[in-house]
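Chemist: 3D, please:
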Amino acid sequence: MFSCAKPLSFSSSFCQSLLSDYCPMGQQGDAEGSCTECPRGTYKDNEGLTRFEVCQSCDPGRTTETIGSTSEQDCSIRMY
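Modeler: The predicted model follows:
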């Protein structure tokens, strides 16, 4: 059975192509194909093959303190 589980060996071009689609928690893919931090007021709480998944918005009236938030709990700042 073939696996690309961490830690990856990088010897497989298949695993390398999968890595090109990877953005960690708190980041989303941009138009250039790079990962960028979620903007303020958004978060992304999953990781894996998620380059094409965008950061989720906080509930109305809430925002995050910083960029790159990784949890809905980070949406703790009330907007007035």
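Chemist: Now the element after the lowest-mean-pLDDT helix or strand in the chain, going C-ward?
Modeler: Here the helix or strand of the chain ranked lowest by mean pLDDT, DSSP states H and E is helix 13-19, holding a mean of 56. Sequence-wise, the next helix or strand downstream of helix 13-19 (DSSP states H and E) is strand 27-29.
Chemist: Identify the residues contacting that following strand?
Modeler: For strand 27-29, contacts defined as CB atoms under 8 Å, 6 or more residues apart in numbering pick out 23, 35-38, 44, 50-55, 68. (Each C-beta comes from the backbone N, C-alpha and C, glycine too.)
Chemist: could you redo the last one with a cut-off of 6 Å?
Modeler: For strand 27-29, contacts defined as CB atoms under 6 Å, 6 or more residues apart in numbering pick out 23, 35, 37, 51, 54-55.
Chemist: so after it, what's the next helix or strand?
Modeler: For strand 27-29, the following helix or strand on the C-terminal side (DSSP H and E) is strand 35-37.
Chemist: downstream neighbour of that next one in the secondary structure list?
Modeler: Counting by DSSP H and E, the element after strand 35-37 in chain order, helix or strand, is strand 42-43.
Chemist: pLDDT of that following strand, averaged?
Modeler: Averaging pLDDT along strand 42-43 yields 98.
Chemist: what lines up beside it in the sheet?
Modeler: Paired strands of strand 42-43, with direction, are strand 56-57 (antiparallel) (DSSP bridges).
Chemist: Just give me the neighbour total for residue 35.
Modeler: Residues lying near residue 35 (other CB atoms under 10 Å) number 14.
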